[in-house]
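A.B. asks: Got a sequence here, can you build the structure:
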Amino acid sequence: MLTVGARILTTSTTMTINGLSVLVASLHDVITSKEAAGRDKDFQALPHLIRLRQEQQNPHGRHDSR
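C.D. replies: Residues are numbered from 1 along each chain as shown. Coordinates of the predicted model:
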């Protein structure tokens, strides 16, 4: 089983920002880390992050009628 840090390395994306290459954690991993942290500010961010993930999974606003 991968540690959290190793998992983030395998699921992150490399982006170039101002000429610097940085690793960006996946939204799934950000949500998981905020749930695990358990701080009030992390719990406050979760609804927005979960909604963002839902929008990414369903970009056209279609709902599965099943």
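A.B. asks: In this protein, what residue spans correspond to helices?
C.D. replies: 4-11, 27-37, 40-57 (DSSP state H).
A.B. asks: worst average pLDDT in these?
C.D. replies: If you rank these by mean pLDDT, helix 4-11 sits at the bottom with a mean of 77.
A.B. asks: What lies in contact with it?
C.D. replies: Helix 4-11 is contacted from outside by Leu2, Leu23, Ala25, Ser26, His28, Asp29, Thr32, Ser33, Ala36, using Cβ atoms under 8 Å, 6 or more residues apart in numbering. Bear in mind the C-beta positions are built from the backbone N, C-alpha and C, glycine included.
A.B. asks: Any buried residues in it, and which?
C.D. replies: Neighbour counts over helix 4-11 (16 or more other Cβ atoms under 10 Å) mark Arg7, Ile8 as buried.
A.B. asks: got the angle for that helix vs helix 27-37?
C.D. replies: Interaxial angle, helix 4-11 versus helix 27-37 (axes from the mean of the first three to the mean of the last three Cα atoms, to 10 degrees): 170 degrees.
A.B. asks: Which residue lies closest in space to the residue most central in space within the chain, excluding its sequence neighbours?
C.D. replies: By Cα atoms, centre = their mean, the chain has its centre lying nearest to Leu27, at 1.2 Å. Nearest residue to Leu27 in three dimensions, chain neighbours excluded: Arg53, at 5.2 Å (Cβ to Cβ, 6 or more residues apart in numbering).
A.B. asks: What distance do you get for that neighbour to Ser33?
C.D. replies: Using Cβ to Cβ, to the nearest Å, Arg53 is found at 14 Å from Ser33.
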